[in-house]
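Visitor: got a sequence here, can you model it:
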Amino acid sequence: GNHATWVRNPQYVLHGDAPVRGQQGKVVLSLDQFGERPPDPVGLYVFKGLAASGPVRRQLVMENVQHKADFINRAKLTVELPVTDLTADLPLLVSPATFHPNTERPFSLEALFLPASGGQQASLRLEPVAEYAHTIQTSGRWRSGCCG
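Guide: Coordinates of the predicted model:
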C-alpha cells in the first residue's frame, strides 16, 4: 500500500565507469534477501536522476520512474533494464522497498551491465545516497498498490 515509511527506503545511485559508457545493452539489478524467516514481498523502483554539477539531485516523482519491479514474495528479485546509451541513461537512482511498512531485513543489491554486442559483462557501482529524507523533493501521487 501507500505508506508514509517509503522515505526510509534505502536509495542508491547507479554509476557506470569508463569501459561501459556509451554502450547499448541492459542493466541487470539483483536484490537478495537474507535471514531465517520467509522472504518478505519486495520490489524496487528505478528513477532517472537529475543532472547536477555536484552530487546527483533526486526528484522522486512518478514521471521519473524508469522501471518499477512488481512486489514479489521471493528471496531473489532480478530486473533487466534495456539501455540504448548507458552514458545518457545515467545517473539512475535505485530504491528497493518492502510492501509492508516498517519491515526491515538484511539484503544485498548488485548491478551488472550486459553489452548488446555480446562483450564482457561489467559490474556497475551502486553508491548509497547519504542525504536525509528532508532533502528529497517529491510531487505527484503514488498509484494504488505502489510503494512500501
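
Visitor: Pro41 touches Ala97, doesn't it?
Guide: No. Using CB atoms under 8 Å, Pro41 makes no contact with Ala97, being 9.5 Å away. For glycine as for every other residue, the C-beta is placed from the backbone atoms N, C-alpha and C.

Visitor: comparing the two, which residue is more hemmed in?
Guide: Taking neighbours as other CB atoms under 10 Å, Pro41 and Ala97 compare with Ala97 leading, 24 against 16.

Visitor: can you report phi and psi for the more buried one?
Guide: Backbone torsions for Ala97, taken as degrees, to the nearest 10, come to phi -150, psi 150.

Visitor: ranges for the helices of the protein?
Guide: Ranges of helices in the chain, per DSSP state H, are 86-89.

Visitor: show me the strands in it, by range?
Guide: Assigned by DSSP state E, the strands in the chain fall at 12-15, 25-33, 42-48, 59-60, 65-72, 76-83, 92-98, 107-115, 122-123, 125-128, 137-138.

Visitor: would you mind finding the most buried of those?
Guide: Burial of the strands of the chain is given as mean neighbour count (mean count of other CB atoms under 10 Å); strand 92-98 ranks first at a mean of 23.

Visitor: point out where this structure drops to low pLDDT.
Guide: 1-7, 17-19, 21, 49-64, 86-90, 130-148 (pLDDT under 70).

Visitor: kindly recompute the last result at 50.
Guide: Low-confidence segments of the chain (pLDDT under 50): 1, 52-55, 57, 132-135.
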